[in-house]
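**Q** Would you be able to build a 3D model of this:
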Amino acid sequence: MLLSLAAVLVPSCKKTVDPDLPSISWASNAQFAQVELTEDLDGAININAPGKIQSFTMALSLGNYGLLANPYISITANKAASGKSPVFDIIDDASTAAFLSGLGMSAGSSLRGKTTGVVNVVSILSKLIEGQPVENNTTFSIEMKLTDEAGNTVTRVARFHFTSGPSITWPDNPDFSIVDLNGSALPGKVKASAPGRFEQFTITIEYGAAPELVSYIRNRTTGSSMTIDLINDEKVAETFKDYFPAGSVLAGKTEAVLDFSFLYANKYDYSVSTNVFTVVVTDKNGKKATAQLKFKK
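**A** Next up is the predicted model:
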């Protein structure tokens, strides 16, 4: 009985949201936790102002990449400068509005007086850094500020982490030129890296290769496949262990060296041909790198 009475007397501490005040929500990330910036990330942000939208801005914390926003800002005071982050005025800056409109979002003076709107922060950020050699382990944030006609304001911050995608390099053959198996120089070691850790890693011998080489590979893969699946094929992990890391040795790692010296050891068995291998590396963030290695006999 005492417990029941106490339950009645103690007021609830649960916070409620005033439905008449402006709000900013992110359906796929309700808590606005930091997320990894990837191509398939849902960045749709809903803004809601029952009292009608008066202003909406975004302060972009882009670190060394702040100047990338300046071409889309016409208000001088909002441009990035040394030690100063750029600000997108979604309603009153014509250049910013045009930029967002080009990405399929509602922006500009027509947004003022409305009660709802949607912006995609991932699309905005991805467009700004498009084609840029962004440094691995970089963080970005976008502070959104929404104010209604009564002066009520809400602020939310979207935070992102950027991990560089995988890469494939050939130190002794940086241009990935065709290698003559009969030549004196035999560059056979290829390097792969994935700061986001290896999730998938395959090497496929393409059609048109020497039939003897195709048979060599099919005899060493599950189901006589022409694809050497280094992570998921247990047979590959055993048959190619002298040349390629595989299985648990490779999965979740960030660096790998592929040794194609088996081609040289067996080259006298091959018919005259150009042997093309397609290497595909995918990390745990879904980022991918592809390269083709060509060896002629």
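**Q** make it CA atoms for all contacts and neighbour counts henceforth
**A** Fine.
**Q** Show me where the stretch 101-250 of the chain dips below the pLDDT cut-off.
**A** Applying pLDDT under 70 to the stretch 101-250 of the chain flags the ranges 184-185.
**Q** Could you pull out the strands in it for me?
**A** 116-120, 138-148, 153-162, 167-169, 179-180, 189-193, 198-205, 227-229 (DSSP state E, counting those that start in this stretch).
**Q** Mean neighbour count, those: which tops it?
**A** Each of those was scored by mean neighbour count; the highest is strand 227-229, a mean of 24, by mean count of other Cα atoms under 10 Å.
**Q** counting contacts, what elements does that one pack onto?
**A** On a contact count with 3 or more Cα pairs under 8 Å, 6 or more residues apart in numbering; DSSP states H and E, strand 227-229 meets strand 198-205.
**Q** Relative to the whole chain's centre, how far out is the strand it packs on?
**A** Averaging C-alpha positions (Cα atoms, centre = their mean, to the nearest Å) puts strand 198-205 19 Å from its chain's average.
**Q** do the same with stretch 179-196
**A** Centroid displacement of stretch 179-196 relative to its chain, using Cα atoms, centre = their mean, is 27 Å.
**Q** Please apply the same query to stretch 224-234.
**A** 26 Å.
**Q** swap in stretch 272-284?
**A** Chain-centre distance of stretch 272-284: 22 Å, with Cα atoms, centre = their mean.
**Q** mind saving the C-alpha coords of it as PDB?
**A** As requested, the backbone C-alpha atoms of stretch 272-284 are provided in PDB (Å, rounded to 0.1, in the frame of the first residue of the first chain):
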ATOM      1  CA  VAL A 272      49.900 -17.600 -75.100                       C
ATOM      2  CA  SER A 273      47.400 -15.300 -73.500                       C
ATOM      3  CA  THR A 274      46.700 -12.100 -71.500                       C
ATOM      4  CA  ASN A 275      45.600 -13.100 -68.100                       C
ATOM      5  CA  VAL A 276      43.500 -10.500 -66.300                       C
ATOM      6  CA  PHE A 277      42.700 -10.600 -62.600                       C
ATOM      7  CA  THR A 278      40.100  -8.300 -61.100                       C
ATOM      8  CA  VAL A 279      40.700  -7.500 -57.400                       C
ATOM      9  CA  VAL A 280      37.700  -6.100 -55.400                       C
ATOM     10  CA  VAL A 281      38.100  -5.000 -51.800                       C
ATOM     11  CA  THR A 282      35.100  -3.900 -49.700                       C
ATOM     12  CA  ASP A 283      35.400  -2.500 -46.200                       C
ATOM     13  CA  LYS A 284      33.000  -2.700 -43.300                       C
END
